[in-house]
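Enquirer: Mind looking at a prediction? Sequence and model below.
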Amino acid sequence: MKLELRTALALKYNDFIGATFEELVLPEGMTEIPGSLCEDCRQLRKVVLPSTIKRIDVGAFNGCRKLEEINLPDGLEEIADNVFQGCHALRDIILPPGLKRLSPELFDNSGLKSIELPNGLESIGYWAFYACNSLKSLEIPSSVREIGFGIVSAHDNFKGIVCHAEGFHVENDALIDDKNKELLCCWTKQEHYVVAECVDKIASFSNNCFVKTITVKQPVELTTEDAFAFDMVLNEIDFQGGVTGITKDTFYLCNYPSKIKINNK
């Protein structure tokens, strides 16, 4: 079923949530897609946006598992948080050239295989491409000045990040914020991993199904509550210089968190 709107109606938050149409065509003149407009529309496969759209609000297409095709007009200025979260069938997408910011969780748990980040992009929010288990690589342009934690996670298909942004570098399969000396994310497939000695803080080492042991020679601070969550085979961390910031969620949903041995000297 196709839903084609002929006039720029005053659509509201949640208007089509859970609807069963397969294609949505929105009319010229619309400037904003309301939040959660098509959330959990599990039959939706295609969306046609008008050239006049400037903003897509929070979670507009969150959970649209079969969404394969959507055009993002060149004039689009803002895409809010988790708009394409859980869009498992979304393989490719072309971002508008003027986009300055990728919001948090934008493509979290989506089916993206590839994406080109536009020159001029300035910010990448946390978990932007987290659990995108078909994504092959990510190249961060030199225009980027701010990068959140956990923007990618480890999986079989991922080859790594190429980072041209000043103030960040890649070392030993990890993206590191140079100013804060913080490990932002790690995609390693090594079974026995040694954290780079330039790191003073660890934000996210989560969702890794390869690493069994981690060694940290220097003192470190964990800066998020779930820094090692979903690390399914991790069984030992050797914090040789000590660690602060461990919480009840540090090892959230690890298979055997009670068996993880922490050497905190």
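Expert: All right, it came through fine.

Enquirer: Poorly predicted segments of the stretch 151-265 of the chain, please.
Expert: 256-259, 265 (pLDDT under 70).

Enquirer: Apply 80 and report the result again.
Expert: 255-265 (pLDDT under 80).

Enquirer: residue boundaries of the strands in it?
Expert: Applying DSSP state E, counting those that start in this stretch to the stretch 151-265 of the chain gives strands spanning 161-163, 168-170, 174-177, 182-186, 192-194, 201-202, 213-216, 220-222, 236-239, 243-244, 261-264.

Enquirer: For residue 99, find the nearest of those strands.
Expert: Minimum separation from residue 99 across the strands of the stretch 151-265 of the chain (C-beta to C-beta) falls at strand 161-163, 18.4 Å. Any C-beta I mention is one placed from the backbone N, CA and C, and that applies to glycine too.

Enquirer: Direction included, what does the closest one pair against?
Expert: Strand 161-163 has these partner strands in its sheet, going by DSSP bridges: strand 138-140 (parallel).

Enquirer: For the strand it pairs with, list every residue counted as buried.
Expert: 138, 140 (16 or more other C-beta atoms under 10 Å).

Enquirer: Show me what secondary structure element comes after it.
Expert: Next along the chain after strand 138-140, taking DSSP states H and E as the criterion, comes strand 146-147.

Enquirer: tell me what that following strand is packed against?
Expert: strand 123-124 (3 or more C-beta pairs under 8 Å, 6 or more residues apart in numbering; DSSP states H and E).

Enquirer: ok, and what's touching the strand it packs on?
Expert: With contact meaning C-beta atoms under 8 Å, 6 or more residues apart in numbering, strand 123-124 is reached by 100-102, 117, 140, 144-148, 151.

Enquirer: let's see 6 Å
Expert: Strand 123-124 is contacted from outside by 101-102, 146-147, 151, using C-beta atoms under 6 Å, 6 or more residues apart in numbering.

Enquirer: which among the residues you listed gets closest to residue 93?
Expert: Nearest to residue 93 out of those is residue 102 (C-beta to C-beta; 11.5 Å).

Enquirer: hey, what's the closest one bridged with?
Expert: residue 124.

Enquirer: Distance check, it against residue 115.
Expert: Here residue 102 is placed at a distance of 10 Å from residue 115 (C-beta to C-beta, to the nearest Å).

Enquirer: With neighbour numbers in mind, choose between those two.
Expert: For residue 102 and residue 115, the more surrounded residue by other C-beta atoms under 10 Å is residue 102, and the numbers stand at 24 against 21.

Enquirer: From what I see, that one and residue 126 are in contact.
Expert: No: Residue 102 lies out of contact with residue 126 (C-beta atoms under 6 Å); the separation is 10.1 Å.

Enquirer: ok so, going back, so can I have TSV of the contacts of strand 123-124 showing distance to residue 79?
Expert: Output for the contacts of strand 123-124, formatted as TSV (distance: C-beta to C-beta, whole Å):
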residue	distance to residue 79
101	8
102	7
146	16
147	17
151	15
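
Enquirer: What subset of the residues you listed is buried?
Expert: Neighbour-count burial (16+ other C-beta under 10 Å) applied to the contacts of strand 123-124 gives 101-102, 147, 151.

Enquirer: wait, which of those is closest to residue 39?
Expert: Among those, and counting by C-beta to C-beta, the member closest to residue 39 is residue 102, at 19.6 Å.

Enquirer: Quick one: residues contacting the closest one.
Expert: 124-125, 128.

Enquirer: ok, now with 8 Å
Expert: 79, 117, 121, 123-125, 128.
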